[in-house]
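Student: Please find the sequence and the predicted model below.
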Amino acid sequence: MIQINRRASQNDEESVMQHLEELRRAIIISVLSTFITAGVCWFISDPVLRILLEPITNKGYDVIFIGVTEAIMTKIKLAFFLGFLVSLPVTLWQFWGFIIPALRKIERIYFTFFVLSSFLLFMGGVAFGFMVVFRMCVNFLLNYGGSELIPMLTIGKYVSFTLNFLLPFGLVFELPLASFFLAKLGVISYRAMVKARKIAILASVVIASALVASPDIFSVMLMAAPLYLLYEISATIVRVVEWLARRKQAGKTFNIKATLKNLLHKIKNRGAMTE
């Protein structure tokens with residue numbers, strides 16, 4: 001018995017060491033891919049920088065740097081941010097490869113969907129933050145100074161403000177996906193999310209105030225509004241998940257083709273009645 005226990009403990013230790021080795025390998029590959037893509041993105045940092053500067057250059061403002069190393073450090077920071085975005089699929093792939101062997105078939109499908117959706121939502125959040133909210137926020141803040149004040153914008157602070165503004169948008173856009181899986185696990189419910197709407201509004205304003213770090217209420221509201229909208233979308237997703245779960249418990253299945261056919265049939269019938 002003692003020998004059997006020793007062999008079992010040795011097997012457990014070997015299994016743990018193998019998992020740790022796989023985790024170390026995944027982390028190393030992810031870090032190396034980030035550094036390599038950051039080195040590649042260094043050569044495209046100038047065109048990307050011009051795009052990021054469009055909200056202020058289009059208004060005729062110039063950007064300066066006041067430190068000897070400010071320009072090059074800003075380009076390095078931007079290159080690493082771009083490298084992180086470009087290498088994100090590799091990082092998620094390593095994470096997927098480490099987790100997937102321990103999952104069952106249906107769990108693998110859900111986890112694969114989670115990884116792909118999280119990447120798309122993150123990139124969509126960053127794109128939405130820059131194309132819509134960030135441009136409006138910068139435009140308002142520059143006009144806020146009036147004609148008497150001339151802005152002296154340094155490249156280091158502007159790029160830091162831009163990246164700190166966009167990165168949270170990518171993370172916040174993961175909220176609907178997280179709500180879907182939490183609803184699947186039964187952790188949250190639609191009724192609880194409806195009751196927490198007031199808290200969600202307050203939390204959106206507080207989070208927006210912390211992220212924007214601006215004294216004017218307009219720029220804070222520009223970021224708080226999408227945050228709360230994502231909360232409502234997440235609540236709707238939770239409601240759909242609960243509805244599907246109730247249908248499954250009742251022995252009913254949700255057939256997309258049949259639902260679309262019924263919808264088209266109703267539309268045709270309404271069109272015939274109006275004629």
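Tutor: That came in fine, so what should we check first?

Student: list the buried ones in whichever strand or helix holds residue 242?
Tutor: Assigning secondary structure by DSSP states H and E places residue 242 in helix 217-249. Applying a neighbour-count criterion of 16 or more other Cβ atoms under 10 Å, the buried positions in helix 217-249 are 219-220, 222-224, 226-228, 230-231, 234-235, 237-239, 241-242. Where you see a C-beta, it was placed from the backbone N, CA and C, and this is true even at glycine.

Student: tell me the pLDDT at residue 200?
Tutor: We have a pLDDT of 87 for residue 200.

Student: what about it, neighbour count?
Tutor: One way to gauge burial is a neighbour count; for residue 200, by other Cβ atoms under 10 Å, it gives 18.

Student: And the one 3 residues further on, by the same measure?
Tutor: Neighbouring residues of residue 203 were enumerated by other Cβ under 10 Å; the total is 15.

Student: Quick check: it is in a helix.
Tutor: Yes: Residue 203 sits within a helix when classified using DSSP: H, G, I helix; E, B strand; the rest coil.

Student: So it versus residue 99, what's the distance?
Tutor: As defined by Cβ to Cβ, to the nearest Å, residue 203 lies at a distance of 30 Å from residue 99.

Student: For the helix holding residue 242, give the mean pLDDT please.
Tutor: Here the average pLDDT along helix 217-249 is 82.

Student: How about stretch 123-136?
Tutor: Mean pLDDT, computed over stretch 123-136, is 84.

Student: Just checking the distance from that stretch to the centre of its chain.
Tutor: The gap between where stretch 123-136 is centred and where its chain is centred comes out at 12 Å by Cα atoms, centre = their mean, to the nearest Å.

Student: Ok, stretch 24-44 next?
Tutor: The offset between the C-alpha centroid of stretch 24-44 and the centroid of the whole chain comes to 20 Å, using Cα atoms, centre = their mean.

Student: now swap in stretch 163-174 and tell me
Tutor: Centroid separation for stretch 163-174 versus its chain: 6 Å, with Cα atoms, centre = their mean.

Student: neighbouring contacts of it?
Tutor: Contacts of stretch 163-174 with the rest of the structure, by Cβ atoms under 8 Å, 6 or more residues apart in numbering, involve 77-78, 81, 118, 121-126, 128-130, 133-134, 137, 207, 211-212, 226-227, 230.

Student: Output whichever strand or helix holds residue 125 as PDB - backbone C-alpha positions only.
Tutor: If you go by DSSP H and E, residue 125 is part of helix 105-128. The C-alpha trace of helix 105-128 is given here as PDB (Å, rounded to 0.1, in the frame of the first residue of the first chain):
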ATOM      1  CA  LYS A 105     -16.800  18.100 -26.100                       C
ATOM      2  CA  ILE A 106     -19.600  20.500 -25.500                       C
ATOM      3  CA  GLU A 107     -17.400  22.500 -23.100                       C
ATOM      4  CA  ARG A 108     -14.800  22.800 -25.900                       C
ATOM      5  CA  ILE A 109     -17.400  24.200 -28.300                       C
ATOM      6  CA  TYR A 110     -18.400  26.800 -25.700                       C
ATOM      7  CA  PHE A 111     -14.800  27.700 -24.800                       C
ATOM      8  CA  THR A 112     -13.800  28.100 -28.500                       C
ATOM      9  CA  PHE A 113     -16.800  30.400 -29.000                       C
ATOM     10  CA  PHE A 114     -15.700  32.300 -25.900                       C
ATOM     11  CA  VAL A 115     -12.200  32.800 -27.200                       C
ATOM     12  CA  LEU A 116     -13.200  33.900 -30.700                       C
ATOM     13  CA  SER A 117     -16.000  36.200 -29.400                       C
ATOM     14  CA  SER A 118     -13.700  37.800 -26.800                       C
ATOM     15  CA  PHE A 119     -11.200  38.700 -29.400                       C
ATOM     16  CA  LEU A 120     -13.800  40.200 -31.800                       C
ATOM     17  CA  LEU A 121     -15.500  42.100 -29.000                       C
ATOM     18  CA  PHE A 122     -12.200  43.500 -27.700                       C
ATOM     19  CA  MET A 123     -11.100  44.700 -31.100                       C
ATOM     20  CA  GLY A 124     -14.600  46.100 -31.800                       C
ATOM     21  CA  GLY A 125     -14.500  48.000 -28.500                       C
ATOM     22  CA  VAL A 126     -11.200  49.600 -29.300                       C
ATOM     23  CA  ALA A 127     -12.400  50.500 -32.800                       C
ATOM     24  CA  PHE A 128     -15.700  51.900 -31.500                       C
END
